[in-house]
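1. Can you look at this prediction? I've put the sequence above it.
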Amino acid sequence: MKEICKGVFSLKNIVLVCVAGMSTSLLVTKMQKAAQEQNIEADIYAIAESEVDKVVTSKKVDVLLLGPQVRYLKGTYEAKYRHLNIPVETINMTDYGMMKGENVLKQALQLIG
């Protein structure tokens, strides 16, 4: 029972990827606020697509969420990180554009499982 609870409440590492890592910073802030309001322990941060390899090889990543502007990288990242079982998905364009942090957090948590 202890192991099951440990998995449910463990820290979630959610990485948002965009061209330079800047356009997602407001979305990260809104996701962090939503996580805090829901008592979800999550490390949520944005990186540039050029930093993905470095981050994935140096940190635990539970999910990669791609900004709509880098959605073309989805297949590449899925193939590259398949052996690490890291889900890769594009952020819903409406949620991204409207900066709906709660919706994007929900998407990330569903992908993590």
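-> Right, received. Where do you want to start? Computed from a predicted structure; not experimentally measured. Residues are numbered from 1 along each chain as shown.
2. quick one, strands of this protein?
-> With strands called from DSSP state E, the chain shows them at 12-18, 42-48, 63-66, 88-90.
3. I'd like to check the angle between the first one and strand 42-48, please.
-> By that I understand strand 12-18. Put simply, strand 12-18 runs at 20 degrees to strand 42-48, going by axes from the mean of the first three to the mean of the last three CA atoms, to 10 degrees.
4. low-scoring stretches of this structure, by residue?
-> 1-9, 21 (pLDDT under 70).
5. quick one: Asn13 and Leu109, what's the gap?
-> Applying CB to CB, to the nearest Å, the value for Asn13 to Leu109 is 12 Å. The C-beta positions use only the backbone N, C-alpha and C, and glycine is treated the same way.
6. if we can go back for a sec, any chance of the strands of the chain in CSV with mean neighbour count and distance to Met98 as columns?
-> Putting the strands of the chain into CSV (neighbours: other CB atoms under 10 Å; distance: least, CB to CB, whole Å) gives the following:
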stretch, mean neighbour count, distance to Met98
strand 12-18, 23, 15
strand 42-48, 19, 17
strand 63-66, 24, 15
strand 88-90, 20, 15
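7. okay, the ones you listed in a markdown table with distance to Lys54 next?
-> Rendered in a markdown table, the data for these read as follows (distance: least, CB to CB, whole Å):
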| stretch | distance to Lys54 |
| --- | --- |
| strand 12-18 | 11 |
| strand 42-48 | 9 |
| strand 63-66 | 13 |
| strand 88-90 | 16 |
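8. Those strands: which one's closest to Ser25?
-> The minimum distance between Ser25 and the strands of the chain falls on strand 42-48, with 5.5 Å, by CB to CB.
9. and the closest one, what other elements does it pack with?
-> Using 3 or more CB pairs under 8 Å, 6 or more residues apart in numbering; DSSP states H and E as the contact criterion, the elements in contact with strand 42-48 are strand 12-18, helix 25-37, helix 101-112.
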